[in-house]
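Asks: Fold the following, please.
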Amino acid sequence: MGCLNSTVNGSTDANCCFGTTVDRMSVVAVGMQPSLRAAVKAATDLPVSMTAVYDKVNRTEPGLVRALVSGSAQRLTPVPQAMSPKRKVSVPG
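Replies: All right, here's what the predicted structure looks like:
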């Protein structure tokens, strides 16, 4: 079911799973998006609302969020650096 949790009556609610939140925070941590809001908006296939993502972040221990963001940044920082073209100096010096 991905990030949607099944309820007792078989329908689904918009509770965001932890992996989705980590994924969106990771792109912010490496500078690919300027904010969590921008990262959520940029995710065209996200099956939950902005509110569901923020609710999950608000219910997560701050130390855990810091550790996840820090670890993601350390592991993923080389990716956008490798993808961005090297800028040439237009004026020497």
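Asks: Check the gap between V28 and A73 for me.
Replies: In this view, V28 and A73 are 9 Å apart by Cβ to Cβ, to the nearest Å. For glycine as for every other residue, the C-beta is placed from the backbone atoms N, C-alpha and C.
Asks: Ok, V53 next?
Replies: In this structure, V53 and A73 are 19 Å apart, going by Cβ to Cβ.
Asks: With neighbour numbers in mind, choose between the two.
Replies: Applying other Cβ atoms under 10 Å to V53 and A73 shows that V53 carries more neighbours, namely 24 against 15.
Asks: How about the secondary structure of the residue lying closest to A29 once chain neighbours are set aside?
Replies: For A29, ignoring the flanking residues on the chain, the nearest one in space by Cβ to Cβ, 6 or more residues apart in numbering is A73 at 4.0 Å. Here A73 is helix, with the state taken from DSSP: H, G, I helix; E, B strand; the rest coil.
Asks: In contact with A73, which residues?
Replies: Contact analysis of A73 by Cβ atoms under 8 Å, 6 or more residues apart in numbering lists 26, 29-30.
Asks: Out of those residues, which is nearest to A42?
Replies: Nearest to A42 among the contacts of A73, counting by Cβ to Cβ, is S26 at 12.5 Å.
Asks: ok, the closest one - contacts?
Replies: Here S26 is in contact with 68-69, 72-73, 76 (criterion: Cβ under 8 Å, 6+ apart).
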